[in-house]
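Colleague: Sequence first, then the predicted structure, then my questions.
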Amino acid sequence: MLGLIAFSTLFTHVSHVSAASVNAIRMWTAPDHTRLVLDLSQSVTYDLFRLHNPERVVIDLQKTKMNANVSKLNLPDPVLLSIRHGKQNKGATRIVLDVKDGVSPRSFLLKRAKGKPHRLVIDLTPRQNKIVKFKAQQPKSKHKDIIIAVDAGHGGEDPGAIGPNKLYEKQITLGIAKALAAMIDAQTGMKAVLVRNGDYFVKLRNRVKKVRSAGADMMISIHADSVKQRQVKGASVYTLSESGATPDRIAAALAAKENASDLIGGVMPGQEVSDPFIRNILGDMAKRDGLDSSEMFANLVLTQLKQGLPIKYGKPKHARFAVLTALEIPSVLVEVDYISNPKRERLLQTKAHQKKLAQAMFTATKSYFARMGRLHQSAPTIHTVHQGDSLWSIAKKYGVSVSNIRKLNGLKQQALRVGQRLRMPQS
Ligand SMILES: [Zn+2]
């Protein structure tokens, strides 16, 4: 009996070897498409076609078993209504996607790369939304707001760096980006554009495209780094470099890691960014201005981060980051900290710390445009003391320090008078 069980187990195992299997299915909903990613045990041969009335996208995977649980997918989504699968002849698996009218599918296979298995990617794009198009073409008003593009690194298939307690870089970057965007939008004369607004993948080239089409005046790309040495911590700020005048191997390795996002996130083979310098993007003078202003802005960001946050490198560093190629505007990439450090990982996932980081970048942004004469620093903020106020509670409310309030107002004693007017330091 025992022998028989052993035999049948062996037999089943052997029969699996020749066939591929779908081991997992993930779904990412982006504003302009929905992406399905199938993890495969090996490369497969497949057909993809559409059926109408009702609208369906059918994928036939030859010699493939379905081991994935599709019931966990968060459906329906704006494009994909439901998903089902069944066995076909000759060991094939058919997957049927019930989709909204006018959805067009696109698919491609990805080879094993950067710790990811063979994958089949299916992008479902809904019919172009004409209202959105019309809005984008509206003429710019005379008194144009300063537009800041805030780019949350990674997303969707690409988690970015992963912390020792499984915190994903893509989560932190989005949290900080949203906090920063909220601060920018609350500032008169400024407006934020989030390059990524949820958990989905945006390829590097499309990030730059989005920054340009938004007419952005500045671009801040937010990341968190990871290294083997767990104790390493602190922020660093990067701009695009022109050449290897002072080759920085560490920065170059970091850029290579960030540029690999396309490989992990899933870009149709052949469309990855291989080297942002391919088309000699540093050719003209207008773009060089962008480099100088990036350097200036990078210094301002570091100055702000240094106020109470650990810094890894005290000066801006330079490398070929594909996401920083909108050279006509100041563009910086901020590695806010090291997610590989367990203490920093814990801190990075708190809203309070994300806000603190966002605040530093926001203040740097304001001082940059104030220097450019494009943003008038507002009149000093005055706080009138109410019953129950303490210096501590006021400081917390305005996001400033108690000692700065004391200094600015020449306060010697702790006690406050109700009705007392206090000038608030610029946060
Ligand atoms: Zn990153």
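Modeller: Here it is on my side, so go on.
Colleague: By mean pLDDT, flag the weakest helix or strand of the chain.
Modeller: One helix or strand of the chain scores below all others by mean pLDDT, DSSP states H and E: helix 2-17, with a mean of 41.
Colleague: I'd like the next helix or strand past that helix.
Modeller: Sequence-wise, the next helix or strand downstream of helix 2-17 (DSSP states H and E) is strand 20-29.
Colleague: now the helix or strand following that next one: mean pLDDT?
Modeller: Going down the chain from strand 20-29, the next helix or strand is strand 34-40, by DSSP H and E. For strand 34-40, mean pLDDT rounds to 94.
Colleague: With stretch 201-211 instead?
Modeller: Per-residue scores along stretch 201-211 average to 92.
Colleague: CA atoms only: put it into CSV for me.
Modeller: Below are the C-alpha coordinates for stretch 201-211, written out as CSV (Å, rounded to 0.1, in the frame of the first residue of the first chain):
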residue,chain,number,x,y,z
PHE,A,201,3.0,50.2,-12.7
VAL,A,202,4.0,53.2,-14.9
LYS,A,203,6.9,52.7,-17.2
LEU,A,204,9.8,55.1,-16.8
ARG,A,205,9.3,56.7,-20.3
ASN,A,206,5.6,57.3,-19.5
ARG,A,207,6.4,58.9,-16.2
VAL,A,208,8.5,61.5,-18.1
LYS,A,209,5.8,61.9,-20.7
LYS,A,210,3.2,62.5,-18.0
VAL,A,211,5.4,65.2,-16.4
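Colleague: For it, buried residues please.
Modeller: Across stretch 201-211, burial judged by 16 or more other CB atoms under 10 Å covers 201, 202, 203, 204, 205, 206, 207, 208, 210, 211. All C-beta spots, glycine's among them, are computed from the backbone N, C-alpha and C.
Colleague: my guess is residue 168 meets residue 158, correct?
Modeller: No - the criterion here is CB atoms under 8 Å, and residue 168 misses it with residue 158 at 9.4 Å.
Colleague: Looking at those two, which is more packed in?
Modeller: Taking neighbours as other CB atoms under 10 Å, residue 168 and residue 158 compare with residue 158 leading, 24 against 20.
Colleague: Pretty sure that one sits against residue 265.
Modeller: Yes - proximity of residue 158 to residue 265 meets the contact threshold set by CB under 8 Å, at 3.6 Å.
Colleague: which phi and psi does the closest residue to the ion within the stretch 1-150 of the chain have?
Modeller: The ion sits closest to residue 114 of the stretch 1-150 of the chain, with a gap of 12.9 Å, by CB to the ion. Here is the backbone geometry of residue 114 (degrees, to the nearest 10): phi 50, psi 50.
Colleague: Now name the helix or strand holding the residue nearest to it when sequence neighbours are not counted.
Modeller: Computed as CB to CB, 6 or more residues apart in numbering, the closest residue to residue 114 that is not its neighbour in sequence is residue 264, at 5.0 Å. Secondary structure assigned from DSSP H and E places residue 264 in helix 261-265.
Colleague: Now list whatever residues contact both of residue 158 and residue 265.
Modeller: By CB atoms under 8 Å, 6 or more residues apart in numbering, residue 158 and residue 265 have these common neighbours: residue 201.
Colleague: Could you pull up the residues touching the residue nearest to residue 114?
Modeller: Shown in contact with residue 264 (CB under 8 Å, 6+ apart): 113, 114, 116, 157, 158.
Colleague: So is stretch 213-223 next to the ion?
Modeller: Yes - counting by CB under 5 Å from the ion, contacts between stretch 213-223 and the ion involve residue 223.
Colleague: List the buried residues in that stretch.
Modeller: Applying a neighbour-count criterion of 16+ other CB under 10 Å, one finds 214, 216, 217, 218, 219, 220, 221, 222, 223 buried in stretch 213-223.
Colleague: can you give me the end-to-end distance of that stretch?
Modeller: Start-to-end span of stretch 213-223 (CA to CA, to the nearest Å) is 22 Å.
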